[in-house]
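*Asks:* got a structure for you, letters missing:
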């Protein structure tokens with residue numbers, strides 16, 4: 001199938017920061033009714049067709065949205081980068097090593113967490129994280145650690161051997177409306193520390209059409225943003241093709 005006109009348009013622009021679309025919420029809608037509507041795999045492929053540069057999934061142990069079977073089904077069909085995120089419990093580790101995505105993002109969320117709500121304490125969990133990171137990298141998988149914008153945690157992530165960190169951006173998003181300069185300040189500092197340590201830089205959580213462009217303007221060397229809830233919510237009004245076009249527009253250099 002040919003690329004959409006919007007996807008063709010954005011290929012002509014240099015986009016340094018890649019847009020990875022988290023499709024968990026699509027699976028949530030499917031699971032609410034049973035069956036296979038909406039079709040998660042088709043939706044992911046359409047996201048790629050409309051210009052998405054990556055697909056992110058976050059399978060949780062209770063499979064309340066993305067199922068482990070979805071992850072395995074998606075891998076051979078996707079043409080853009082595949083990112084699997086989650087807490088590295090044994091079942092998750094086995095899945096990731098079997099599927100071998102381009103990237104795994106390690107997130108310290110509890111099994112019953114509604115959504116991710118904190119980054120790793122990389123100092124406290126250094127031994128554990130070093131073992132997991134080494135395991136995944138030995139299978140050729142890039143490893144990103146989900147962290148708060150705290151320089152010490154980022155420096156330790158580099159020592160552990162992570163390839164990237166993903167900055168947990170909830171605090172930035174919640175502070176953006178009242179004082180965006182204040183909200184971005186710790187992230188700008190953290191992003192510079194990551195760069196100094198030779199780490200790649202990702203960002204995610206509560207990024208939206210409202211706050212994404214400013215984040216990108218201030219930290220243009222961000223490698224990837226992973227966006228799900230806001231993007232899928234916007235698509236209910238705008239349609240997924242137009243939504244992706246608008247998010248990509250926020251990331252234009």
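*Replies:* Good, I have the coordinates. Bear in mind the structure is a predicted one, so any value in this text is a computation, not a measurement.

*Asks:* can you name the element that comes right after the helix or strand harbouring residue 91?
*Replies:* Element membership for residue 91, per DSSP states H and E: helix 90-99. Moving toward the C-terminus from helix 90-99, the next helix or strand (DSSP H and E) is strand 103-106.

*Asks:* packing partners for that next one?
*Replies:* Judged by 3 or more C-beta pairs under 8 Å, 6 or more residues apart in numbering; DSSP states H and E, strand 103-106 is in contact with strand 81-86, helix 126-138, strand 142-147. (Glycine included, C-beta is placed from N, CA and C.)

*Asks:* export these to JSON lines and tack on distance to residue 16?
*Replies:* As requested, the helices and strands packed on strand 103-106 are exported to JSON lines (distance: least, C-beta to C-beta, whole Å):
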{"stretch": "strand 81-86", "distance to residue 16": "15"}
{"stretch": "helix 126-138", "distance to residue 16": "24"}
{"stretch": "strand 142-147", "distance to residue 16": "17"}
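
*Asks:* tell me the helices and strands packed up against the helix holding residue 91.
*Replies:* helix 68-74, strand 81-86, helix 126-138.

*Asks:* what about stretch 221-237, average pLDDT?
*Replies:* Averaged across stretch 221-237, pLDDT comes to 98.

*Asks:* would you mark the buried spots in it?
*Replies:* 222-232, 234-235 (16 or more other C-beta atoms under 10 Å).

*Asks:* gap between the two ends of that stretch?
*Replies:* End-to-end span of stretch 221-237 (C-alpha to C-alpha, to the nearest Å): 30 Å.

*Asks:* quick revisit: CSV for the helices and strands packed on strand 103-106, including distance to residue 31 and mean pLDDT?
*Replies:* Shown next, in CSV, are the helices and strands packed on strand 103-106 (distance: least, C-beta to C-beta, whole Å; pLDDT from 0 to 100):
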stretch, distance to residue 31, mean pLDDT
strand 81-86, 17, 98
helix 126-138, 28, 98
strand 142-147, 24, 98
